Structure formats: C-alpha cells, structure tokens
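Fold the stuff below for me.
(chains A and B)
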Amino acid sequence: GAVVSQHPSWVICKSGTSVKIECRSLDFQATTMFWYRQFPKQSLMLMATSNEGSKATYEQGVEKDKFLINHASLTLSTLTVTSAHPEDSSFYICSGTGTMETQYFGPGTRLLVL
Amino acid sequence: GENVEQHPSTLSVQEGDSAVIKCTYSDSASNYFPWYKQELGKRPQLIIDIRSNVGEKKDQRIAVTLNKTAKHFSLHITETQPEDSAVYFCAAIGTGYALNFGKGTSLLVTP
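A predicted model of the protein is given here:
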C-alpha cells in the first residue's frame, strides 16, 4: 500500500510555543490530506480536511487560528499548533488519499506540552 | 453529519474462537466502510474494507458484512490468535472522503 510519513514522531515543548508537524505522501500524490487527533484510549477525531492549494476545512470545535494547516503540494501537508498548551497534548495523525476513498495513515506524532 | 456507533467497547475471547464487532451508521449516502486495527502507540492499519455495492467480503480469517437497508456492518475474525489483540475501529465515509470513526473495540485474545 501507499506510504505516508510524519515528522517528528514525538515532540516535547513548553507551554506557549508553536509546533509544526509534517505529513508526506512518499509514493503517491495525496489530493486530500486529513488531520486527526487521538487522546488516550479514545477514537480518532477528525480535525480538518485539506486539499492541495486550497484552504483547509475545519471540523466544528477546532480552532483554525490555533491549528494552522498548509497543503502546499500534493505530497506535503503541515499542521502547526500555535501557542500550545498542556490540553493540546495528544497523538496527532495525518492521512492521505489519492483518487479513491482509501486513506493511508502516517505513523503519528505524539505531542507533550509542559 | 455521519454518526458511527460501535459495539462492544471491549471484547475478550479465547484463542481459536471467533470475534464479532458491530457498527451502525446514520448517513444513508455513505458508501465506503473500512476497518482499521490499531496497536498501542501505532498508526491505524487498514485490514479490510467494503463498498456499498457488496454485501460481504472475506480475506482469510477476516470478513466484513454490510446491510445497507439496516445501515449496519460487522467485522468477523475467525480462529483468533493472540496477535489479533488490538483496538479495532470501524469507519464510514462522510462528505469529501472524510472518515467518521466508531469509538473502537479493544479486543483481547487470551491463549
């Protein structure tokens, strides 16, 4: 299957700082990329949908000014958590899809905000 | 929007027994239903999927059934093995290919 990479795999930061997470599709062109957040022992919650070259669509309750998403190319999407706080600590996972519905997930980024 | 309900939340079976996980969805327009397996700290892995023009699909020990009229679909794992222990998520495609996940089922297969 298709491969999606994510970087970094984990990050620890101080409260108030910003953190950027990269999601790359390595062997296919991801026309759409999705960002999910997963708290311990919970399901994946969709945060936003991004299409290459256009603004991301955010789910209800997700602050677009706090979670900045950029999808500048068909192989790269970035999520920036701005002014991170401890409650933003979570497992962030991206996925990419090409021409079909099948989504390929990245390995995830574990964020800990102190 | 799409709402996916998943049951049970936990399931414990003995090695060799079968495991069944059931999901229901609300949006009759949904037409793609994948199942993911997630081990602790790792990414979800697609194990099987089914599209709405098919009622059943099988891949070795794993099968999925879909009842579009009743809007429910199920995952069946036969001859379970300890390495099947993980959290399983069902999902249904919503608008724009976004996946709506169920809350997950923690499966434990005991030797």
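
Please name the nearest non-neighbouring residue to residue 54.
Looking at chain A here, since you left the chain open. Spatially, and ignoring its direct neighbours in sequence, A:S54 is nearest to A:H71 (7.6 Å; C-beta to C-beta, 6 or more residues apart in numbering or on different chains). Just so you know, the C-beta spots here come from the backbone N, C-alpha and C atoms, and that holds for glycine as well.

try chain B instead
Take B:V54 and drop its neighbours on the chain: the residue closest to it by C-beta to C-beta, 6+ apart is B:L66, 6.8 Å away.

Next, the contact list for A:K14, please.
A:113-114 (C-beta atoms under 8 Å, 6 or more residues apart in numbering or on different chains).

mind checking how far it is from A:F67?
Going from A:K14 to A:F67 by C-beta to C-beta, to the nearest Å gives 18 Å.

Kindly report the same for A:E52.
Between A:E52 and A:F67 the computed distance is 18 Å (C-beta to C-beta).

Neighbour count: these two, which is higher?
Neighbours of A:E52 and A:F67, each counted by other C-beta atoms under 10 Å in any protein chain shown, are more numerous for A:F67; the result is 19 against 16.

residues from chain B in reach of chain A?
When proximity is defined by C-beta under 8 Å from any C-beta of the partner chain, chain B lies next to chain A at B:32, B:34, B:41-46, B:49, B:89, B:93, B:96-104.

let's see 6 Å
B:32, B:43-44, B:93, B:96-98, B:101, B:103-104 (C-beta under 6 Å from any C-beta of the partner chain).

Out of the residues you listed, who's the most crowded?
B:P44 (29 neighbours).

quick one: contacts for that one?
B:P44 makes contacts with A:105, B:36, B:38, as judged by C-beta atoms under 6 Å, 6 or more residues apart in numbering or on different chains.

If you rank the residues you listed by neighbours, which is first?
Taking other C-beta under 10 Å as the neighbour criterion, B:Y36 ranks highest of those with 24 neighbours.

what's the helix or strand for that one?
B:Y36 belongs to strand B:32-38 when assigned by DSSP states H and E.

Kindly export that strand (C-alpha atoms) in PDB.
Taking C-alpha atoms only, strand B:32-38 is exported to PDB below (Å, rounded to 0.1, in the frame of the first residue of the first chain):
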ATOM      1  CA  TYR B  32     -17.400   3.000   1.900                       C
ATOM      2  CA  PHE B  33     -16.800   1.200   5.100                       C
ATOM      3  CA  PRO B  34     -13.200   0.400   6.200                       C
ATOM      4  CA  TRP B  35     -12.000  -1.400   9.300                       C
ATOM      5  CA  TYR B  36      -8.700  -0.400  11.000                       C
ATOM      6  CA  LYS B  37      -6.600  -2.200  13.500                       C
ATOM      7  CA  GLN B  38      -4.500  -0.100  15.800                       C
END
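
I'd like the next helix or strand past that strand.
By DSSP H and E, the next helix or strand past strand B:32-38 is strand B:45-51.
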